[in-house]
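Trainee: The following comprises the amino acid sequence and a computationally predicted model.
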Amino acid sequence: MVKSAYIHIPFCNNICSYCDFCKLLYNKDFVKKYLDALEKEIKMHYKGEILDTIYIGGGTPSSLSITELDKLFSIIKVFKLSKEYEFTFEVNIEDITEEKLEILKENKVNRLSIGIESFNDKYLKYLGRNYTSDIISERVELAKKYFDNINVDLMYALKNESLNDLEEDIDKILKLDIKHISCYSLIIEKNTKLYIENTKYISDDLDSDMYDLIDKKLENKYHRYEVSNYSITSYESRHNLTYWENNEYYGFGLGAAGYIDNIRYTNTRNLSKYISGSYERQEEVLTKEDKIKYEFILGLRLTSGLNKDNFNKKYGININEIEVIKELINKGLLIDDKINIYVPKKYFYVLNDILVNFV
């Protein structure tokens, strides 16, 4: 049963130097055509299920004008929401205004995800941000007047970044006193400015030290429930848990991915095709073995790992009889505590080296 929907708004106020996807600067004419196409796609594919979570991401959906936001929310009203829903909206610092916050609140948004990335002006400029650090705390405090459930993104492993630089960023984020923090090591995508410049970021050893520093600094106040995500208890991202627990979800919009009826699909990344109504979905029809593979690759990102009883009931297989599971447990790369199977904390940094065993 589908209980979640992701809506992609690919437009942005500025092109980030590191991002391969949100290359579409805000353009009024394109936005109107895009929203019309989005409306048609949703009407075509949404089957009327009651949804527990909605996530509107980008790009930066907050870059839309007030009129465009009104249009977007009129489209989304077709979704039926459960009583205890989670509705997340991504915003950039420069878009946080009283007017936009009021519109989000009026349209049932109850969770914000704010792309802070860094408090250091040098790194904000490096990442192509159009604001300086002096407004970050002020804008976050404004957002807190409207929303209790807020995530902020922290990016690390930036060019020439030191451990002291990172620690200063973490200390400033802690002072914001928000409910959820997502931490990402900078990944340079192909065909972007930073990739073309062939920038050398930092050493693997320093990257690892930064990873450990984040955990050490955050663990006293937050609990790490996924390899890159920390929250106050009960403020975990329910929408992202949909992905990590390998549950089905809608994906609407340019390049959006979804998982419905044993099919994983991805919409076209060609804007012209999308706004013409040619969504051209790439589809992967999953076998039972495929679904089990995804269960491991996604579920082992969670610090709690995979619940053995749930897995056995879902697939009719004793998880402890799977050869690769037995091998990784024997090597100490997985822990079996009789209830869950999970990756030991000391191996989180090399998680991909463990997950590749399931591919």
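Mentor: Here it is on my side, so go on. Numbers count the residues shown, from 1 in each chain.

Trainee: quick one: low-confidence parts of this protein?
Mentor: Applying pLDDT under 70 to the chain flags the ranges 14-27, 187-201.

Trainee: Helices of that one, residue ranges please.
Mentor: For the chain, the helices defined by DSSP state H cover 28-45, 66-76, 98-106, 121-126, 136-144, 163-176, 193-196, 204-218, 238-244, 271-275, 288-299, 308-315, 323-330, 351-355.

Trainee: wait, which of those helices is closest to residue 89?
Mentor: helix 98-106 (5.5 Å; Cβ to Cβ). For the C-beta atoms, the positions are set from N, CA and C on the backbone; glycine is no exception.

Trainee: Export the helices of the chain to CSV and append columns for mean neighbour count and distance to residue 8.
Mentor: Compiled in CSV, these are given as follows (neighbours: other Cβ atoms under 10 Å; distance: least, Cβ to Cβ, whole Å):
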stretch, mean neighbour count, distance to residue 8
helix 28-45, 16, 9
helix 66-76, 17, 12
helix 98-106, 15, 17
helix 121-126, 17, 24
helix 136-144, 17, 22
helix 163-176, 17, 26
helix 193-196, 15, 22
helix 204-218, 16, 28
helix 238-244, 20, 13
helix 271-275, 17, 10
helix 288-299, 16, 20
helix 308-315, 15, 29
helix 323-330, 14, 34
helix 351-355, 14, 25
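
Trainee: With residue 230 as the reference, name the closest of the ones you listed.
Mentor: The closest of the helices of the chain to residue 230 is helix 204-218. By Cβ to Cβ, the value is 5.0 Å.

Trainee: Run through who's touching that closest one.
Mentor: 154, 156-157, 161, 163, 166-167, 170-171, 174, 181, 183, 185, 201-202, 224, 230, 348-349 (Cβ atoms under 8 Å, 6 or more residues apart in numbering).

Trainee: again, only using 6 Å
Mentor: Applying Cβ atoms under 6 Å, 6 or more residues apart in numbering, the contact partners of helix 204-218 are 156-157, 166, 170, 183, 230, 349.

Trainee: Output it as PDB, restricted to C-alpha atoms.
Mentor: What follows is helix 204-218, C-alpha atoms only, in PDB (Å, rounded to 0.1, in the frame of the first residue of the first chain):
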ATOM      1  CA  ASP A 204      40.100  10.300   3.100                       C
ATOM      2  CA  ASP A 205      41.600  10.300   6.600                       C
ATOM      3  CA  LEU A 206      40.400  13.800   7.300                       C
ATOM      4  CA  ASP A 207      37.000  12.900   5.900                       C
ATOM      5  CA  SER A 208      36.800  10.000   8.300                       C
ATOM      6  CA  ASP A 209      37.900  12.200  11.200                       C
ATOM      7  CA  MET A 210      35.100  14.700  10.300                       C
ATOM      8  CA  TYR A 211      32.600  11.900  10.300                       C
ATOM      9  CA  ASP A 212      33.700  10.900  13.800                       C
ATOM     10  CA  LEU A 213      33.700  14.500  15.000                       C
ATOM     11  CA  ILE A 214      30.100  15.000  13.900                       C
ATOM     12  CA  ASP A 215      28.900  11.900  15.800                       C
ATOM     13  CA  LYS A 216      30.900  12.900  18.900                       C
ATOM     14  CA  LYS A 217      29.500  16.400  19.000                       C
ATOM     15  CA  LEU A 218      25.900  15.400  18.300                       C
END
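
Trainee: I figured residue 79 hits residue 51, correct?
Mentor: Yes. Using Cβ atoms under 6 Å, residue 79 is in contact with residue 51, at 5.5 Å.

Trainee: follow-up on the earlier one: can I get the helices of the chain in a markdown table including distance to residue 7?
Mentor: Shown next, in a markdown table, are the helices of the chain (distance: least, Cβ to Cβ, whole Å):
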| stretch | distance to residue 7 |
| --- | --- |
| helix 28-45 | 7 |
| helix 66-76 | 7 |
| helix 98-106 | 14 |
| helix 121-126 | 27 |
| helix 136-144 | 20 |
| helix 163-176 | 26 |
| helix 193-196 | 27 |
| helix 204-218 | 29 |
| helix 238-244 | 11 |
| helix 271-275 | 13 |
| helix 288-299 | 21 |
| helix 308-315 | 28 |
| helix 323-330 | 36 |
| helix 351-355 | 28 |
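
Trainee: Residue 253 is nearest to which of these?
Mentor: Evaluated over the helices of the chain, closeness to residue 253 peaks at helix 28-45, with 5.8 Å, by Cβ to Cβ.

Trainee: helices or strands up against that closest one?
Mentor: With contacts taken as 3 or more Cβ pairs under 6 Å, 6 or more residues apart in numbering; DSSP states H and E, helix 28-45 sits against helix 66-76, helix 271-275.

Trainee: How many neighbouring residues does the closest residue to residue 270 other than its chain neighbours have?
Mentor: Leaving out its chain neighbours, the residue that sits closest to residue 270 by Cβ to Cβ, 6 or more residues apart in numbering is residue 280, at 7.6 Å. Around residue 280 there are 11 other residues, counting by other Cβ atoms under 10 Å.

Trainee: Just confirm residue 280 contacts residue 268, I think it does.
Mentor: Yes. Between residue 280 and residue 268 a contact is recorded at 4.1 Å, counting by Cβ under 6 Å.

Trainee: do you know how far the residue nearest to residue 243 when sequence neighbours are not counted is from residue 226?
Mentor: Excluding its sequence neighbours, the residue lying closest to residue 243 (Cβ to Cβ, 6+ apart) is residue 298, at 6.3 Å. Separation of residue 298 from residue 226 (Cβ to Cβ, to the nearest Å) stands at 10 Å.
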